[in-house]
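Engineer: compute the structure for the input listed below.
(2 chains)
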Amino acid sequence: MTLGIEWITPVLGVVGLFAALVIFLRINRQDSGTGEVAEIARRIQEGARVFMTREFQVLLPFAIVLGALVFWLKDPYEGLAFFLGAGCSFTAGAIGMYAATKANVRTTVAAHTQGSAAALSTAFFGGSVMGLTIASMGLLGIGGLFLFFGRTEEDAEVIHGFAMGASLIAIFFRVGGGIFTKAADVGADLVGKVEAGIPEDDPRNPGVIADNVGDNVGDVAGMGSDLFESYCNAQIATIAIGATLALSSVQDLTVGEAGRSGLMYLPLAMTSAGLICALVGILLVHFFSAQQPARALRFGTIGAATLFVIAAWFVASYIGAIWQVWACVLAGTVGGVIIGASTEYFTGGKPVRNIARSSETGVATVMITGLSVGLLSVVIPVITIAAILLVSSHLAGLYGAGIAAVGMLATIGITMAIDAYGPVADNAGGIAEMAGLGKKTRDITDQLDEVGNTTAAIGKGFAIGAAGLAALAITAAYINTVKKNNPDFELYLADPMVLIGVFLGGICPFLNGSITMTAVGDAAHDMIEEIRRQFRDIPGLLEGKAKPDSARCVDIATAAALKRMVLPAGLAVFAPAVVGFLLGPETLAGMLIGALLGCILLALFMANAGGAWDNAKKYVEQGHFGGKNSDAHRACVVGDTVGDPLKDTSGPSMNILINVMAIVSLVIAPLL
Amino acid sequence: MKIHLYYSLIPEALIYSMLPPEKFGMYQATGSKRQTEGPAIFFELDQSVDLPAFALEETRKRCVEHPDGRPKNSTYVAVYHVLANLPLEALGKLYLTTQAGFTLELEAVPYEPAEAERPLHLYQELGPVFPRVASNLGPREFCRYVTDPNQPISLPKVVFTELRIDGLARDPRNDPAKHIPYRRLVHLRECLAALKEKPEKKTKIVEREMRPDILYYMIQNGVFAGDQDHLLYYPLPSEDELASEHYLWWHSARRVRSSY
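Structural biologist: Residues are numbered from 1 along each chain as shown, chains lettered A, B, ... in the order given. Prediction:
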């Protein structure tokens, strides 16, 4: 049975893409500058394009092999869905990054010629293209597949392939982009600012273009693919739970004739409504852009979330779900706000000032206080996730947990727009500095960047919470799917095979963290050597009489990132398959639980400790405890340097790790 | 090739060099292969002024080009008691070089206190000794005080700069000391407070040695060189002028190091 309204979702996907295109064309029409400004922007754009192309070349064989395995061993249609998911994820990332590299220079020019409001609009619209593309590609891909494969519970398994394809691209983008951006950032800063004594974003620094490219490939494409896969996985997991619910549960959760079809379509209906609300939120930011940037962005997000909660009530009622299902959506949305607020507190409130104060007594106390803040910061988000789980499962069982995750991610169009706005503003400041556009322009871009830093920290907390809930929903779907295919399957915590799995799963985030941290260290080393070589060997470079070889630095960061991203991706894809086939579905279930807990805890710890160290340094730079160049500042610089790869590479890769492990498990579940 | 005569303060030395001031500063700061690092402060000397205390002629003869035509970086004339034997009228332009090797040129002008005198001051002596000293004397009085031969300990001449202490100059105990990066802030507060409460005490030593990171960006007004009767003043341009006209030096002077 179908509801007859399923076509709305892919159509809305097309509408969203059209809106993204309109915004992109609007940005593209804006003045992109001339001379040095245009040349710098071109080099950043070219660097990002080269990285994307080479990354595609590395991940293509990987994707072909995995897709072929799904095609032959599981289901041909699921194999095709895998390629569709990978294609949608790649396209969303590529389009978003392309738009960001167009928007950055236009933001610079707008700040220079028109002022703060125009610059905010341009930067935010640049991020909006990414947000809308992600939401729309998700609706188009999953909604399109649902039209063909959403009729029966067996057919619905085909859609799992889409999630796996999206997750594969996400792990490459997130890990590769993360390694690139930190290698370039650390290399450019250490040699440029510290050794050569030239300012940040100085055009003489060979690593500066790579650093700006890194903002785009790491913080735009990487973050985008991360949220895209959480967004898709949450929907697909909820569809899967809906498809495998016992008939009595279906009857408990619906009124009228909605039945299983209604529950399977509900997540898509929610995200469809979420896209409309996100569009309204984007318009709100545009209308309020003349106000303080932080206030305008807050109007947009809170407006969209409030609107969505109201819309969700009507959607749930129309589909025929009981009010408790809507309450789960509400729980997810409120939970997202609480996690965001907690992140804001731990990376911007009293804990940050405590770290700054501890810098008066040296590096060791900065490290100890920062670690303590990071450890404490996991408590509220994890309790929130547990509370969402408690409320939603009490109201609507496992289906409630899935729909709560969908609620948290439904307005991704605007949350991602605000996330991507940060790196666009950061790039705009870099271009202004490199082109020497003066203090006034730099002040405007700095103000936009400052707001972007806070929104990025909140976005990270939100992404972790969403990824955790999505992974939880997929794990639940995995257990349901295994049960359906294997009626003897039972999970007991006291079963040694389950406990073995928990331990094995617990290792994965630590292994992943170690691999990615080592990768950043090694890649940064290569970068530092190259920048030092250029300062040494290019006559007149430091005096500004010769041009640096920026392309060489981009090439080094690219090669290092691509070489080192394969191992974490391999771990995420193959570890569950090896454990599942060798030790059985019980051990794999235990592994997912262990990995889920480890990933969420480590991701929160890393993101918040890194963010808190970063902001403690900024707090001291405002003059507290001696200000810049004081001993307190030097201690904080060390904390910030340690925190950088934690918050920008290893931490974010945890979200993807658990989602990839969970989705691979879901795909292989019928084979176990 | 022109031969310059420099009086270097860090380290104290009299040096002949074929390098012009900017290149000499870079050489002093980073070495010929960029393998060393440290700030440099030096004056170019007027070679028409007679300096009988030094063996200038013999040394100058050794300052010749390398066989491959490269200029001679440095030929040392003396490495101690230089300032004591140097007449102030020999001091020409002053050069401040950052650790990364960027050099700022300063010229001497007559000293006129430009603002209402602050009751308390912090001075960094740059030669011939290097303590950081808190004082309730203005720059001219401070110069006279430390070069006063009637004091138990005195210097024949002194080069020094005044460092910013902002609100601490008026309220050393309670001012929040924002953007005051000096270490041992509590000790600095105590020294300044003691000078405020006991005006008969003129100076207190805050640090016995100069730290390797000279805080050029904390200079209050400029660099002074003087003795009992004379005071040469080399004002630093305003912050806005430094940021716009001497961009590279200014950024370099404000850089952060995490390795101290």
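Engineer: tell me where the stretch 151-300 of chain A has strands.
Structural biologist: Counting by DSSP state E, counting those that start in this stretch, the stretch 151-300 of chain A has no strands to list.
Engineer: which residues does B:Leu5 contact?
Structural biologist: Shown in contact with B:Leu5 (C-beta atoms under 8 Å, 6 or more residues apart in numbering or on different chains): B:14-16, B:44-45, B:47, B:56, B:77. Using the backbone N, CA and C atoms, a C-beta is placed for each residue, glycine as well.
Engineer: helix/strand/coil for it?
Structural biologist: Each residue gets one of three states, and B:Leu5 gets strand by DSSP: H, G, I helix; E, B strand; the rest coil.
Engineer: who are the packing partners of the helix or strand that contains A:Gln324?
Structural biologist: In the assignment (DSSP states H and E), A:Gln324 maps to helix A:323-348. Applying 3 or more C-beta pairs under 8 Å, 6 or more residues apart in numbering or on different chains; DSSP states H and E, one finds that helix A:323-348 makes contact with helix A:293-319, helix A:379-409, helix A:439-485, helix A:585-621.
Engineer: redo those helices as a markdown table? Include distance to chain B, mean neighbour count and mean pLDDT.
Structural biologist: Below are those laid out as a markdown table (distance: least, C-beta to the nearest C-beta, whole Å; neighbours: other C-beta atoms under 10 Å in any protein chain shown; pLDDT from 0 to 100):
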| stretch | distance to chain B | mean neighbour count | mean pLDDT |
| --- | --- | --- | --- |
| helix A:293-319 | 23 | 20 | 86 |
| helix A:379-409 | 31 | 24 | 89 |
| helix A:439-485 | 7 | 24 | 78 |
| helix A:585-621 | 9 | 26 | 91 |
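Engineer: reformat those helices as a markdown table; add distance to A:Val285.
Structural biologist: Listed next are those as a markdown table, based on distance: least, C-beta to C-beta, whole Å:
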| stretch | distance to A:Val285 |
| --- | --- |
| helix A:293-319 | 4 |
| helix A:379-409 | 19 |
| helix A:439-485 | 11 |
| helix A:585-621 | 23 |
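Engineer: list the buried ones in the helix or strand that the helix holding A:Gln324 is followed by?
Structural biologist: Next helix or strand after helix A:323-348 toward the C-terminus (DSSP H and E): helix A:350-358. Buried positions in helix A:350-358, judged by neighbour count with 16 or more other C-beta atoms under 10 Å in any protein chain shown: A:351-352, A:355-358.
Engineer: stretch A:492-507 too?
Structural biologist: A:497-502, A:504-506.
Engineer: what residues does it touch?
Structural biologist: A:491, A:575, A:579, A:583-584, A:586-598, A:661.
Engineer: spit out the contact partners of residue 166.
Structural biologist: Unless you meant another one, I'm taking chain A. A:85-86, A:88-89, A:141, A:225, A:228-229, A:232-233.
Engineer: try again with chain B
Structural biologist: B:Asp166 touches B:175, B:177-180, counting by C-beta under 8 Å, 6+ apart.
Engineer: same check on B:Phe42?
Structural biologist: B:Phe42 neighbours (C-beta under 8 Å, 6+ apart): B:6-9, B:15, B:21, B:24-25, B:28, B:94-95, B:97.
Engineer: ok, A:Ile142 to A:Thr152 distance?
Structural biologist: 17 Å (C-beta to C-beta, to the nearest Å).
Engineer: repeat that for A:Thr244.
Structural biologist: A:Thr244 is 12 Å from A:Thr152, by C-beta to C-beta.
Engineer: looking at those two, which has the bigger crowd around it?
Structural biologist: Counted by other C-beta atoms under 10 Å in any protein chain shown, A:Thr244 and A:Thr152 do not tie: A:Thr244 has more neighbours, with 23 against 13.
Engineer: which pLDDT value goes with the more buried one?
Structural biologist: Here, the pLDDT recorded for A:Thr244 equals 77.
Engineer: do A:Lys193 as well
Structural biologist: On the pLDDT scale, A:Lys193 gets 67.
Engineer: so which of the contacts of B:Asp166 also contact chain A?
Structural biologist: With C-beta under 8 Å from any C-beta of the partner chain as the criterion, the contacts of B:Asp166 include B:177-180 near chain A.
Engineer: just the buried members of these?
Structural biologist: B:177, B:179-180.
Engineer: make JSON lines from the residues you listed and add secondary structure and pLDDT to it.
Structural biologist: Formatted as JSON lines, those follow (DSSP: H, G, I helix; E, B strand; the rest coil; pLDDT from 0 to 100):
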{"residue": "B:Ala177", "secondary structure": "coil", "pLDDT": "86"}
{"residue": "B:His179", "secondary structure": "coil", "pLDDT": "85"}
{"residue": "B:Ile180", "secondary structure": "coil", "pLDDT": "87"}
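Engineer: ok, so of those, who is nearest chain A?
Structural biologist: Taking C-beta to the nearest C-beta as the measure, chain A lies nearest B:His179 of these, at 3.8 Å.
Engineer: ok, now which ones touch the closest one?
Structural biologist: A:623, A:626-628, B:166.
Engineer: what are the phi and psi angles of it?
Structural biologist: phi 60, psi 30 (degrees, to the nearest 10).
Engineer: follow-up on the earlier one: of the contacts of B:Phe42, closest to chain A?
Structural biologist: Among these, and counting by C-beta to the nearest C-beta, the member closest to chain A is B:Thr97, at 10.8 Å.
Engineer: burial of the closest one, as a residue count?
Structural biologist: B:Thr97 - counted by other C-beta under 10 Å - has 29 other residues nearby.
Engineer: then the one 3 residues further on?
Structural biologist: Using other C-beta under 10 Å, the number of residues around B:Ala100 comes to 24.
Engineer: ok, it touching B:Ser252?
Structural biologist: Yes. Using C-beta atoms under 8 Å, B:Ala100 is in contact with B:Ser252, at 4.7 Å.
Engineer: how close does the residue in the stretch 451-600 of chain A that chain B sits nearest to sit to A:Glu529?
Structural biologist: Nearest residue of the stretch 451-600 of chain A to chain B (C-beta to the nearest C-beta) works out as A:Arg536 at 6.6 Å. Distance of A:Arg536 to A:Glu529, computed by C-beta to C-beta: 10 Å.
Engineer: now B:Tyr111
Structural biologist: Distance from B:Tyr111 to A:Glu529, by C-beta to C-beta: 49 Å.
Engineer: please say which of these two ends up with more neighbours.
Structural biologist: B:Tyr111 (19 against 13).
Engineer: low-confidence ranges in the chain?
Structural biologist: Here I'm looking at chain A. Low-confidence segments of chain A (pLDDT under 70): A:1-3, A:150-151, A:153-154, A:193-197, A:199, A:258, A:453-454, A:456-457, A:459.
Engineer: I was thinking of chain B, sorry if that wasn't clear
Structural biologist: Short version for chain B, where the test is pLDDT under 70: B:32-37, B:114-116, B:211-214, B:255-260.
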